[in-house]
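In: This is a predicted model, with the sequence first.
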Amino acid sequence: MGGAPEEPATVESAPPLDPTDSPTTAEKPSAMADASKRPPMPPSEVSVDKGSNTSGTSVGSPIEALERDEILRTRTFSVLVIVFSVTGAGVALIVPGGDPRARSVMLGGCVVALASMLFMLYQTYDPVRFRKPLTSLVWFVPSIVVMSAVFFFGVFSPAPMLVVLGIYFVGLSKAGRMAIASYVTCAALYTGMSLFILFGGSDFGVLHPTVTPEQHLLVLFCVQLVLALTIVIARLSRRTALLAVGELEQATRLAAHRQALLLEAREELDRALRTKRGRFSDQVIGNYQLGDVLGRGAMGEVYAATDIRTRATVAIKLLSQASLGNAHVVMRFFRELRTAATVHSPHVVRVIEVGENPVPYLVMERLEGETLSELLRRRRMLPPAEVLELIDQIAIGVGAAAAAGIVHRDLKPQNVFKHRDAWKVLDFGVARAIDQGDTLTGGQVVGTPAYMAPEQASGGTVDHRTDLYALAAIAYRALTGHPPFSAGDIAQTLYRVVHTRPTRPTLLAPELPVDIDVVLAIGMALQPADRFASGEDFASALRAAVDGTLPGDLRERAAAFPNGGWGSSLRLRRAQ
């Protein structure tokens, strides 16, 4: 394999098959169109903002959809209870008969129910407030209040049906203990009132038919059976919904991964169908005999070659015929020649020679092995130990580029190559010097969207921390088996990079240590100043996260980010 088989391609001329791995150059006017003014993404595609108003919030995972459903259901139920409370108070005032004390209890219960449901409505308009324990505690109030209707209308009236409805609704919520407590309270109060009447106490209800003790016990048994079945069915329904959500979430991830594999396979098939012979095959350029084409990109071709003096095998990168007529492309290629020659590291592909005749060319060491993209296509994800080795070495290469004043700008799995036992950074075709303007790209957003830092995706200023973001994104891909962002088109992915956060890593790969979330959240922080200062710092923190020795100050840094720096954060076990 040669040094850099892939080149960035403009959206108009060569749209990639796989937006998560394929190189892309997106123009700001067409792809971003001022990202801050772009309309929101569809609800199924944008992660939830946990602090926003629920009415305008979209969901980013099935678990979040379940929580949103509970909020909307609670809101509807609260409105119904308010209506019932007002209606019940009116009925209590106009219904003839009944004990005045029971009427007073009924009216007081309606007032308490009305106040508690108004408070619950207030809680539902902020998901953060809704998750507080106080919300669950409020459900306990209607459990007691609803019994005031039974007290007023009578234990043999239809009033216990209201208890059934309340227990079922509370039983569907995530507050399992509170649901059980509500059921126990209602069952105990009903039993107490029923036994009080059975053993000679006064029946204060409006409806108090004459029944035998046997019939009385039968009614008590039937009501208790219905209440018990109600709470059991509600909790089973909740559990079934959670299992269905978990299966849906897993199926969604598998489907997304299979689609990515299919797109990658199509891309590989397309490459395989291309001829291995190029226009310079079998020719001599400088001191090198060119052979088959190792890879093609939008800007150039990479040939296998042999040094005719030493018979050593090398890789030579040449400008493609179409690119020779584009002055900007030629200038960019010359910049790559100069850039690659200034970066010296065992973890950056080694430049052997730079030449200009008969066409500009770059002679690099011939690499043997495969790219990280090819490795992940076979294995989907890597164990933490292998990822640590990868990040340790690539961090050295990124650090060497930063020391030379170079920002790579297109770090991704396709540009990371395992040569024997060493990982190397490839392709400085879109790199730029930190202290130079970027006039050669014509105002374009250059790079691969799924691995771009937000400042790069929005056309802002880039520096070495832009490459550190991409390094963290590569670690995210290798550890979770999923790219940080994936979408159907480039503009959509760019929007996500700038305005949303990826799914929490341990939600995709629960077996990972939780401190991985912390380190990757800092490594992929929205603001460059919030990220690690160097690749070595990131690699060291990642190793500490795996070993369980992560310093507390890093946890505090990540905790300061909204939602810990991630989009989808709810876990299945928390929802239970």
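Out: Everything's here; your move.
In: Buried residues, stretch 407-422. List them.
Out: 407-419 (16 or more other C-beta atoms under 10 Å). Using the backbone N, CA and C atoms, a C-beta is placed for each residue, glycine as well.
In: Stretch 382-394 too?
Out: So, applying 16+ other C-beta under 10 Å, buried residues of stretch 382-394: 382, 384, 387-394.
In: Filter those down to just the ones in helices.
Out: Among those, the members falling in helices (DSSP state H) are 384, 387-394.
In: just curious, which of the residues you listed is nearest to Phe334?
Out: Closest to Phe334 out of these is Ile394 (26.0 Å), distances taken as C-beta to C-beta.
In: so that closest one makes contact with Val416?
Out: Yes: the pair Ile394 and Val416 qualifies as a contact (C-beta atoms under 8 Å) at a distance of 5.9 Å.
In: Just the strands from the stretch 1-150 of the chain, written as ranges.
Out: Secondary structure of the stretch 1-150 of the chain (DSSP state E, counting those that start in this stretch): strands at 24-27.
In: where does it have low pLDDT?
Out: 1-65 (pLDDT under 70).
In: one more time with 80, if that's ok
Out: Low-confidence segments of the stretch 1-150 of the chain, defined by pLDDT under 80: 1-68, 96-99, 127-128, 131-146.
In: Please apply the same query to the stretch 451-576 of the chain.
Out: Using pLDDT under 80, the stretch 451-576 of the chain drops low at 486-489, 567-576.
In: cutoff 70 now
Out: In the stretch 451-576 of the chain, residues with pLDDT under 70: 487-488, 568-576.
In: re the thing from before, distance to Glu365 and pLDDT for the ones in helices among the buried residues of stretch 382-394 - can I get that in JSON lines?
Out: Formatted as JSON lines, those follow (distance: C-beta to C-beta, whole Å; pLDDT from 0 to 100):
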{"residue": "Pro384", "distance to Glu365": "29", "pLDDT": "95"}
{"residue": "Val387", "distance to Glu365": "25", "pLDDT": "96"}
{"residue": "Leu388", "distance to Glu365": "25", "pLDDT": "96"}
{"residue": "Glu389", "distance to Glu365": "20", "pLDDT": "96"}
{"residue": "Leu390", "distance to Glu365": "19", "pLDDT": "96"}
{"residue": "Ile391", "distance to Glu365": "22", "pLDDT": "96"}
{"residue": "Asp392", "distance to Glu365": "21", "pLDDT": "96"}
{"residue": "Gln393", "distance to Glu365": "16", "pLDDT": "95"}
{"residue": "Ile394", "distance to Glu365": "17", "pLDDT": "95"}
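In: Could you confirm Glu370 falls within a strand?
Out: Yes: remark: Glu370 belongs to a strand, assigned using DSSP: H, G, I helix; E, B strand; the rest coil.
In: Wait, it touches Val416, no?
Out: No: here Glu370 lies out of contact with Val416, judged by C-beta under 8 Å, at a distance of 10.2 Å.
In: Which parts of the stretch 451-576 of the chain are helices?
Out: For the stretch 451-576 of the chain, the helices defined by DSSP state H, counting those that start in this stretch occupy 454-457, 464-480, 490-499, 505-508, 515-523, 535-547, 552-559, 572-575.
In: Please enumerate the shared neighbours of Ile394 and Val416.
Out: Taking C-beta atoms under 8 Å, 6 or more residues apart in numbering as the contact rule, the neighbours common to Ile394 and Val416 are 423, 425, 474.
In: Tell me how far the last one lies from Pro483.
Out: What that stands for is Ile474. 10 Å (C-beta to C-beta, to the nearest Å).
In: Now the common contact residues for the two.
Out: In contact with both Ile474 and Pro483: Tyr451, using C-beta under 8 Å, 6+ apart.
In: So for Arg103, which of the helices of the stretch 451-576 of the chain sits nearest?
Out: helix 572-575 (42.1 Å).
In: Contacts only, for Val170.
Out: By C-beta under 8 Å, 6+ apart, the neighbours of Val170 are 139, 143, 178-179, 182, 234.
In: Just flag the most distant two among those residues.
Out: Taking C-beta to C-beta, no two of the contacts of Val170 sit farther apart than Ser143 and Ala234, at 13.4 Å.
In: shared neighbours of those two, anything?
Out: In contact with both Ser143 and Ala234: 167, 170, using C-beta under 8 Å, 6+ apart.
In: my read: Val351 touches Tyr361, true?
Out: No: using C-beta under 8 Å, Val351 makes no contact with Tyr361, being 11.3 Å away.
In: more neighbours, the two?
Out: More crowded of Val351 and Tyr361, by other C-beta atoms under 10 Å: Tyr361, with 24 against 21.
In: and that one, what are its phi and psi?
Out: Main-chain torsions, Tyr361, degrees, to the nearest 10: phi -150, psi 160.
In: so what's it bridging to?
Out: Beta bridges link Tyr361 to Leu318, Gly355, judged by DSSP bridges.
In: contacting residues for it?
Out: 285-286, 316-319, 354-355.
In: Now pLDDT too, for these, in TSV please.
Out: Output for the contacts of Tyr361, formatted as TSV (pLDDT from 0 to 100):
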residue	pLDDT
Ile285	89
Gly286	88
Ile316	90
Lys317	86
Leu318	84
Leu319	76
Val354	81
Gly355	80
